[in-house]
Every structure is written in C-alpha cells, then in structure tokens.
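J.: Turn this into a model:
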Amino acid sequence: MAFDAAILAGTFLVLDAFHVMLSILGAAMINLVLATNHRQGRYRGW
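T.: Modelled structure (predicted):
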C-alpha cells in the first residue's frame, strides 16, 4: 500500500491533478468490476 502511495505521489510530478484523478477513478472502476464479478470457488486452479 505504501508503494502504491509512493507511485501515486510521483505521478503528480509528471501529470496534472485532473489526469491523476482520472487514473484513480479508472482504477476504482476496474476494482469495482472485479469485485462484482468475483465468485467464491472459481479460482481453485484445478
């Protein structure tokens, strides 16, 4: 988590705040889709 925060803080040196917020929103949306489609027992590996 700290590594993610460091990467996010570093992006402010490269991008403006609007694009950083768009990136955060996109990551949140992808996590929401993954959490919504997760099923218990689907990822057993056999």
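J.: just for this structure, where's the confidence low?
T.: For the chain, applying pLDDT under 70 flags the ranges 45-46.
J.: Secondary structure element holding the most centrally placed residue in it?
T.: Centrality entry for the chain: nearest residue to the mean C-alpha point is A27, 3.2 Å, by Cα atoms, centre = their mean. For A27, the host element (DSSP states H and E) is helix 17-37.
J.: That helix - contacts with which helices or strands?
T.: Judged by 3 or more Cβ pairs under 8 Å, 6 or more residues apart in numbering; DSSP states H and E, the packing partners of helix 17-37 are helix 2-14. All C-beta spots, glycine's among them, are computed from the backbone N, C-alpha and C.
J.: re earlier: give the buried residues for the helix holding A27.
T.: For helix 17-37, burial by neighbour count (16 or more other Cβ atoms under 10 Å) applies to no residue.
J.: ok, residues contacting it?
T.: Identification of contacts with helix 17-37 by Cβ atoms under 8 Å, 6 or more residues apart in numbering yields 8, 11-12, 15.
J.: R44: which of the residues you listed is nearest?
T.: Closest approach between the contacts of helix 17-37 and R44, by Cβ to Cβ: L8, at 33.3 Å.
J.: got a list of what L15 touches?
T.: Residues counted as contacts of L15 (Cβ under 8 Å, 6+ apart) are S23.
J.: let's go with 10 Å and repeat that
T.: Contacts for L15 (Cβ atoms under 10 Å, 6 or more residues apart in numbering) come out as 21-23.
J.: Would you list the phi and psi of it?
T.: phi -110, psi 160 (degrees, to the nearest 10).
J.: and what of R42?
T.: Dihedral angles (degrees, to the nearest 10) for R42: phi -70, psi -30.
J.: What about it, how many residues nearby?
T.: By other Cβ atoms under 10 Å, the residues close to R42 number 7.
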